[in-house]
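Participant: Next come a sequence and a model predicted from it.
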Amino acid sequence: YNLKSLAKATKTTVEQLNHAMLSFLDKGLVICKEFPSKANGREGKKLYWATTVTLSDNHGDNDTNGKKKQKKGSDGAIQK
């Protein structure tokens, strides 16, 4: 799909899809590569790829044995 055909298929607008793609880029869920147009005055193409997310990426606050790490404050007290 390109954004125009995807917008038509999902009954949404290109602007809403652009906003979603920017959000996905910010969250690191997709990567984007822009290809300039060879013709002057035409907009270049942007291709989006989904990034691979592993279980360890989602649960970075777990230690190796699966237990959650406890966070301690500057006074040594355990924080929730």
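Facilitator: Great, that's in hand.
Participant: Backbone dihedrals for Ala39, both of them.
Facilitator: Dihedral pair for Ala39: phi -90, psi 140, per degrees, to the nearest 10.
Participant: That one - how many residues pack around it?
Facilitator: Counted with other Cβ atoms under 10 Å, the neighbours of Ala39 add up to 7. For every residue, glycine as well, the C-beta is placed using N, CA and C.
Participant: hey, where'd the helices end up in this structure?
Facilitator: For the chain, the helices defined by DSSP state H occupy 3-10, 14-27, 55-58.
Participant: which regions of the chain lie under the pLDDT threshold?
Facilitator: Confidence mapping of the chain against pLDDT under 70 gives the ranges 54-80.
Participant: ok, 80 please
Facilitator: For the chain, the stretches with pLDDT under 80 are 1, 40-41, 53-80.
Participant: and the residue nearest to Leu47 when sequence neighbours are not counted, how many neighbours?
Facilitator: Counting by Cβ to Cβ, 6 or more residues apart in numbering, Leu47 lies nearest to Lys33, which is 5.2 Å off, once chain neighbours are set aside. The number of residues packed near Lys33 is 9, by other Cβ under 10 Å.
Participant: quick one: contacts for Lys33?
Facilitator: Counting by Cβ atoms under 8 Å, 6 or more residues apart in numbering, Lys33 touches 46-47, 49.
Participant: now it: how far from Trp49?
Facilitator: Lys33 is 8 Å from Trp49, where distance means Cβ to Cβ, to the nearest Å.
Participant: Check Ser37 too.
Facilitator: Distance from Ser37 to Trp49, by Cβ to Cβ: 20 Å.
Participant: same check, this time on Ser23
Facilitator: Using Cβ to Cβ, Ser23 is found at 16 Å from Trp49.
Participant: again with Val14
Facilitator: 19 Å.
Participant: Settle it for me: which of the two has more neighbours?
Facilitator: For Val14 versus Trp49, neighbours defined as other Cβ under 10 Å are more numerous around Val14 (14 against 9).
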